[in-house]
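Enquirer: quick one: sequence plus predicted model below, questions after.
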Amino acid sequence: MKNSALPSKHLYDELQRSPDQVSLARAALYIAQEDYPHLVVEDYLAMLDRMAATLSQQLPADRYPLRMIHAINGYLFTELNFRGNSIDYYDPRNSFLNEVLERRVGIPITLSLVYLELAQRVGFPMVGVSVPGHFLIRPTVDEMDLFIDPFHQGEILFEQDCRHRLKQMFGEAAQLEPQHLAPITPATFLVRMLTNLKLIYLQNRDVPKALNAINRILLIYPEAVSEWRDRGLINYQQGLLHKAQIDLERYLYQYPDAADAFEIRRVIEQIESVQDEP
């Protein structure tokens, strides 16, 4: 039987490192091991190493940032044909690094991860940027105010482009705030990956995998209060009333005035009424 505790322990241990020492690729592969128990993490890290070694031979002699970006784009998106999966965006395979490396298709965050890992290996550090409704990366060299969109073949964007896209997606009232363009931590990066998986599994009615994703989010961010609520509601629907009550009461203790507090209290009352039945 698969031991699901082991990948979670490895994930937790990786995140105990200082943020600049965390291997996002390794952590993402530990997440994938939950669904692919025979996955060998070192094999995929070695694949990234080989890709970076090939890329390094194609880099310009004068490593100006824009020339570096064009070289990485050419290798990833032209030579290797990595691309965004706009046809089947919600295929869970798009969220697993091993599948993205093998199939060469993914969603914004996983394609960004591949890009970040290659850039790091060739000495061109970049960071992830979690803009609303999308995911971008940006160079850290000289605090450059430009962004790369790996989902769209490494398109180069400036802040005004990001602002325009946000309004296209969410309406003219949407505002691009400074925190939207700030680098995110490895933990936040991984939680966003897991949140994508959670939503896909809920949409597919795959309750065990959705719960597993929530548990890993809470492993990384125990203070993610909304995840207690979601786990509680799922357990309630599954008839796991005691577990549900613990999470829902914990949620209300932290947010007694939450917008959904009335509905959550009703669920707790229903749980208590069932438990009080002879």
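Expert: It's in. Note that the structure is predicted; figures quoted are calculated from it, not measured.

Enquirer: and the end-to-end length of stretch 9-24?
Expert: Stretch 9-24 has an end-to-end distance of 15 Å (C-alpha to C-alpha, to the nearest Å).

Enquirer: what residues does it touch?
Expert: For stretch 9-24, the surrounding residues in contact (C-beta atoms under 8 Å, 6 or more residues apart in numbering) are 26-27, 30-31, 33, 45, 113, 116-117, 185-187, 189-190, 216, 219-220. C-beta coordinates here come from the backbone N, C-alpha and C atoms, glycine included.

Enquirer: ditto for stretch 261-272
Expert: 229, 232-233, 236, 241, 244-245, 248-249, 251-252, 255, 258.

Enquirer: now the buried members of those.
Expert: Taking 16 or more other C-beta atoms under 10 Å as the criterion, what is buried in the contacts of stretch 261-272 is 229, 232-233, 236, 241, 244-245, 248-249, 251-252, 255.

Enquirer: these in helices, which ones?
Expert: 229, 232-233, 236, 241, 244-245, 248-249, 251-252 (DSSP state H).

Enquirer: which of those residues sits closest to Met51?
Expert: Nearest to Met51, judged by C-beta to C-beta, of these is Arg229 at 40.7 Å.

Enquirer: that closest one against Ala244, yeah?
Expert: No. The criterion here is C-beta atoms under 8 Å, and Arg229 misses it with Ala244 at 10.1 Å.

Enquirer: that's a helix at Ala174, yeah?
Expert: No. Counting by DSSP: H, G, I helix; E, B strand; the rest coil, Ala174 falls outside a helix, being coil.

Enquirer: tell me, how many residues neighbour it?
Expert: Neighbourhood size, Ala174 [other C-beta atoms under 10 Å]: 15.

Enquirer: measure Ala71 to Ser95 for me?
Expert: Distance of Ala71 to Ser95, given as C-beta to C-beta, to the nearest Å: 27 Å.
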